[in-house]
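Asker: here's a sequence, model it:
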Amino acid sequence: MRAALLLALGVIVRGDECPTSIPNAKVAPGFCAEELVDGLSKPRGLAYDPRDGNVLVVERNKEQITLLTFDDDGKVASAAAVASAPDLNHGVALRDDLLYASSDTTVYRWRYAPGAEATDRTAVVTGISADGRGGAPGGHTTRTLVLDGAGHMYVSVGSAGNVDADSYRSRVRACGDLSAVADAVDFDACAVFADGLRNEVGLAFDAAGRLWGVENSADNLRRSDLGGDIHNENPAEELNLLVDGGFYGYPWCWTGGPNTDFAGAQWAWPSTMAEKDDGWCADNAVAPALAMQAHSAPLGLAFYETVAAPGAFPADADGDCFVAFHGSWNRDVPTGYKVVRVRFADGAPASIEDLLAHDGDGAKWPNGLRPVDAVFDGRGRLVVSDDGANTVFRISAAPATARETPAPTTTTAATARETPAPTTTTAATARETPAPTTTIPDDCDICAPLPPPPGESDATRRGAAWESAAGFLAATLVLA
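Answerer: Now for the predicted structure:
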């Protein structure tokens with residue numbers, strides 16, 4: 001209400017003047033943040049339904065897809081299950097009346113009408129975790145799903161351990177049009193689209209139809225010839241432009257962290273340097289479009305397309321990418337636990353800055369907030385899931401943002417360390433780390449221990465118009 005009154009009086013409203021329901025949140029100037037719903041059970045993947053303006057969220061611990069409906073004020077009116085399947089844990093996608101979601105083994109399809117319970121559950125991709133070529137038992141268990149403009153399905157699978165012996169499972173595969181298949185497609189029959197991606201949890205298409213992914217790189221990096229233990233700032237997390245047939249380096253190569261002596265280059269993993277050295281990595285691995293702070297754990301991303309609606313992000317954000325950082329486990333000083341904006345110029349990443357972060361000592365939130373996935377709704381507002389505090393929250397533009405574009409956020413000392421230089425080609429593909437064990441830590445992204453594969457050595461405006469002088473005076477009194 002206060003923001004609407006200020007706008008009516010012609011007062012510029014900044015992000016730090018927005019009422020916010022997220023304690024300890026620091027929001028970029030010109031933006032507001034509010035919690036939409038709490039009490040969920042490990043909310044993960046998100047899908048927006050343009051038919052009714054509602055949001056679907058995977059609740060991992062309930063193995064279900066929950067529908068969040070909204071009232072006329074944009075508040076959550078209800079949260080109810082509309083679909084379930086064994087071991088649903090992350091991936092979800094929606095196209096027309098077809099809803100898709102994934103477990104570690106299977107991609108399911110339902111018929112789904114807005115607001116109704118989904119029907120006709122059908123397994124459309126199976127064998128994702130089968131042993132053997134293409135199979136991905138154990139390890140990282142999320143199977144992110146994304147549909148292109150023609151309705152073709154892409155599925156991402158992450159590594160078995162910290163650094164595998166090869167890249168046979170760490171890939172994005174293209175499974176084609178699954179809208180009418182009656183018999184499940186064997187995952188091994190899905191074509192390899194992009195290879196050498198350690199754990200590309202977030203996938204999204206931009207307005208030009210290009211597929212992008214965010215990479216969770218390896219841990220515990222030590223290379224004696226580069227200074228020994230360099231794991232705190234290396235390897236970089238990555239924003240990758242995924243192309244058909246592209247090889248992105250894992251498990252043989254890693255990308256130097258931004259603002260380190262190793263930035264802007266591809267490097268060989270220490271345990272495999274004898275067969276594939278730094279030169280090989282430079283010549284063979286596709287470098288990321290943007291290298292990001294090591295151990296940030298990017299899990300979701302969304303591209304903004306300008307919308308004229310109350311709360312919509314400003315026009316200068318058109319084409320920018322917004323990434324949910326889940327937060328680190330393998331860094332002496334925790335990092336991540338925030339949502340960042342990647343500004344684009346001429347179709348490529350140019351700079352990165354915080355959109356929402358913890359306002360206090362350290363990156364971690366007292367309530368445990370950990371952003372997972374991100375999706376824009378039909379009014380141009382960013383909806384983010386959080387499986388730490390078990391909420392879904394929304395970031396929108398402050399009422400005056402459409403009238404005045406705020407200046408970029410001032411870079412702090414901490415941000416400077418985590419922000420790569422504005423360039424479209426930063427360090428190369430960041431991958432593999434020699435881990436003392438093949439057990440992936442309990443607090444990493446949905447994963448499970450697995451014995452090493454054969455041959456492996458280690459391991460998310462309303463502005464009131466005053467129509468009379470009396471109205472103006474009344475507003476002034478309220479503000480006083």
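
Asker: C-alpha from now on. contacts and neighbour counts both.
Answerer: Fine.

Asker: domains in the chain, by residue range?
Answerer: Here the domain parsing of the chain from automatic domain parsing is 1-37+295-418, 127-293+432-459.

Asker: looking at the ones you listed, which one has the lowest mean pLDDT?
Answerer: For the domains of the chain, mean pLDDT drops lowest on domain 1-37+295-418, to a mean of 83.

Asker: who does the closest residue to residue 38 other than its chain neighbours bridge with?
Answerer: Computed as Cα to Cα, 6 or more residues apart in numbering, the closest residue to residue 38 that is not its neighbour in sequence is residue 391, at 4.2 Å. Residue 391 has these beta-bridge partners by DSSP bridges: residue 386.

Asker: could you dump the domains of the chain into CSV and include distance to residue 89?
Answerer: Below are the domains of the chain laid out as CSV (distance: least, Cα to Cα, whole Å):
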stretch, distance to residue 89
domain 1-37+295-418, 11
domain 127-293+432-459, 7
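
Asker: got those as a markdown table, with mean neighbour count columns?
Answerer: Formatted as a markdown table, the domains of the chain follow (neighbours: other Cα atoms under 10 Å):
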| stretch | mean neighbour count |
| --- | --- |
| domain 1-37+295-418 | 21 |
| domain 127-293+432-459 | 21 |
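
Asker: does the residue nearest to residue 38 touch residue 44 like I think?
Answerer: No. Checked against Cα atoms under 8 Å, the pair residue 391 and residue 44 is beyond contact range at 9.9 Å.

Asker: name the residues contacting each of these two.
Answerer: residue 385 (Cα atoms under 8 Å, 6 or more residues apart in numbering).

Asker: in the chain, which residue is most central in space?
Answerer: For the chain, the residue sitting closest to the mean C-alpha position, by Cα atoms, centre = their mean, is residue 300 at 1.1 Å.

Asker: ok, now which ones touch that one?
Answerer: Here residue 300 is in contact with 201-203, 214, 323-325, 372-374, 460 (criterion: Cα under 8 Å, 6+ apart).

Asker: and the residues you listed, which two are furthest apart?
Answerer: Distance extremes for the contacts of residue 300: the farthest pair is 203 and 325 at 13.7 Å, using Cα to Cα.

Asker: now do the same for the residue nearest to the centre of the chain: helix, strand or coil?
Answerer: strand (DSSP: H, G, I helix; E, B strand; the rest coil).

Asker: from residue 383, how far out is it?
Answerer: Taking Cα to Cα, to the nearest Å as the measure, residue 300 falls 11 Å from residue 383.

Asker: what does residue 117 give?
Answerer: 22 Å.

Asker: cool, residue 95 as well?
Answerer: Distance from residue 95 to residue 383, counting by Cα to Cα: 18 Å.

Asker: do the same with residue 187
Answerer: Applying Cα to Cα, the value for residue 187 to residue 383 is 31 Å.

Asker: for this structure, which strand is longest?
Answerer: In the chain, with assignment by DSSP state E, the single longest strand is strand 348-358.

Asker: relative to that one, what are the paired strands and their orientations?
Answerer: By DSSP bridges, strand 348-358 pairs with strand 25-27 (antiparallel), strand 338-345 (antiparallel).

Asker: same list (these) but as JSON lines, adding distance to residue 150.
Answerer: JSON lines is the format used below for these (distance: least, Cα to Cα, whole Å):
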{"stretch": "strand 25-27", "distance to residue 150": "36"}
{"stretch": "strand 338-345", "distance to residue 150": "25"}
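
Asker: and these: which comes nearest residue 260?
Answerer: Taking the strands paired with strand 348-358 one by one with Cα to Cα, strand 338-345 is closest: 19.7 Å.

Asker: can I get that closest one in CSV? Just the C-alpha atoms.
Answerer: C-alpha atoms of strand 338-345 as CSV (Å, rounded to 0.1, in the frame of the first residue of the first chain):
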residue,chain,number,x,y,z
LYS,A,338,21.3,-16.4,-3.4
VAL,A,339,19.8,-15.4,-6.8
VAL,A,340,22.0,-13.6,-9.3
ARG,A,341,21.4,-11.6,-12.5
VAL,A,342,23.6,-12.3,-15.5
ARG,A,343,23.4,-9.3,-17.7
PHE,A,344,23.6,-10.1,-21.4
ALA,A,345,24.9,-7.9,-24.2
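
Asker: got JSON lines for the contacts of residue 300, with secondary structure too?
Answerer: Listed next are these as JSON lines, based on three-state DSSP:
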{"residue": "201", "secondary structure": "coil"}
{"residue": "202", "secondary structure": "strand"}
{"residue": "203", "secondary structure": "strand"}
{"residue": "214", "secondary structure": "strand"}
{"residue": "323", "secondary structure": "strand"}
{"residue": "324", "secondary structure": "strand"}
{"residue": "325", "secondary structure": "strand"}
{"residue": "372", "secondary structure": "strand"}
{"residue": "373", "secondary structure": "strand"}
{"residue": "374", "secondary structure": "strand"}
{"residue": "460", "secondary structure": "coil"}
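
Asker: tell me which stretches of the protein form helices.
Answerer: Taking DSSP state H as the test, the helices found in the chain are 2-8, 278-284, 413-418, 469-479.
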